[in-house]
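Asks: The following comprises the amino acid sequence and a computationally predicted model.
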Amino acid sequence: MTKSRSLTQTLVDDFTQQVALKQLKMGDKLPTEMSIMQTFGVSRTVVREALSKLQAAGLVETHHGIGTFVLEPAADSRFRVSGVPMISDGDVQTALEFRLGIEVECAGLAALRRTPAQLKAMRMVLDEFEQNVVEKTAKKSTLNQSLGNTVAPDFQFHLLLAQAAHNRYFVDLMSHLGTSIIPRTRLAVAKKISVQMPAYLSRVNQEHETIYQAVVRQDAESARAAARLHLTNSLARMRLMQPVRSARSEEHTSELQSH
């Protein structure tokens with residue numbers, strides 16, 4: 001047991017150091033459990049204990065069936081929104097409504113203040129997103145593979161917009177929310193859109209592309225409009241799933257009453 005604890009702490013220390021040295025950056029996806037087991041020569045139990053410790057320390061967050069992603073280390077001196085986890089679809093909708101009031105202006109400021117390096121970084125994550133969609137569609141990948149390879153660049157794009165606004169509160173907010181801002185990280189949501197996943201992801205990426213082009217042109221109003229449309233569409237896509245659940249619930253209640 002002592003050896004197991006020692007191996008777990010070694011693993012925790014290694015990943016913590018990688019985050020501190022920026023070898024692992026916010027939004028990056030950690031290797032799979034199997035990959036970590038093979039790299040470090042440890043058991044699955046050790047890996048899971050280490051990931052639990054990293055989550056407790058606020059360094060990573062795990063989305064079941066999708067992967068574990070790096071968070072920014074907490075800084076007590078910074079502005080923080082209460083850390084309530086987004087568990088249900090309703091939580092995600094509430095976050096999208098909140099983001100509408102924040103990220104629209106963030107996109108406008110990013111258009112005015114972005115640097116050439118930030119534009120280049122945005123272009124890279126958009127290309128990565130698109131490439132993953134194309135490859136996974138061609139290979140008919142599983143739902144989890146398609147999600148895992150698009151969540152990181154999706155989040156990175158929103159984070160880069162926040163950084164381009166050159167206002168630390170925008171960055172703090174995105175860092176705090178992490179990859180949970182991506183609706184499809186909720187597995188229940190992902191399953192509902194799985195049949196239409198390629199088209200769904202293409203629409204999301206095109207909405208990002210529209211925001212990006214406005215930022216390139218330094219057109220603040222168009223950037224705000226594109227960001228508003230993207231988040232409004234995300235909210236609409238979430239709400240469209242509600243009647244399905246309600247109808248099923250009513251059907252189930254009716255069946256119970258008939259019995």
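Replies: That came through, no problem.

Asks: Give me the phi and psi for residue 59.
Replies: phi -90, psi -30 (degrees, to the nearest 10).

Asks: For residue 49, see how far away it is.
Replies: Going from residue 59 to residue 49 by C-beta to C-beta, to the nearest Å gives 14 Å. C-beta: built from backbone N, CA, C; applies to glycine.

Asks: what's the average pLDDT for stretch 106-121?
Replies: The pLDDT scores in stretch 106-121 average 95.

Asks: Neighbour count for residue 59 and residue 49, which is higher?
Replies: Higher neighbour count among residue 59 and residue 49: residue 59, with 23 against 19, using other C-beta atoms under 10 Å.

Asks: Isn't that one up against residue 15?
Replies: Yes - counting by C-beta atoms under 8 Å, residue 15 is a contact partner of residue 59 at 7.2 Å.

Asks: Neighbours of residue 169, how many?
Replies: Neighbours of residue 169 (other C-beta under 10 Å): 13.

Asks: Now do the SS call for it.
Replies: Assigned with DSSP: H, G, I helix; E, B strand; the rest coil, residue 169 falls in the helix class.

Asks: how close does it sit to residue 105?
Replies: From residue 169 to residue 105 the distance is 11 Å (C-beta to C-beta).

Asks: Would you list the phi and psi of residue 65?
Replies: phi 80, psi 0.

Asks: typed the wrong thing, it's residue 68
Replies: Dihedral angles (degrees, to the nearest 10) for residue 68: phi -110, psi 130.

Asks: Also residue 61?
Replies: According to degrees, to the nearest 10, residue 61 has phi -140, psi 140.

Asks: in the sheet, who's paired with it?
Replies: Taking DSSP bridges as the rule, residue 61 bridges to residue 69.
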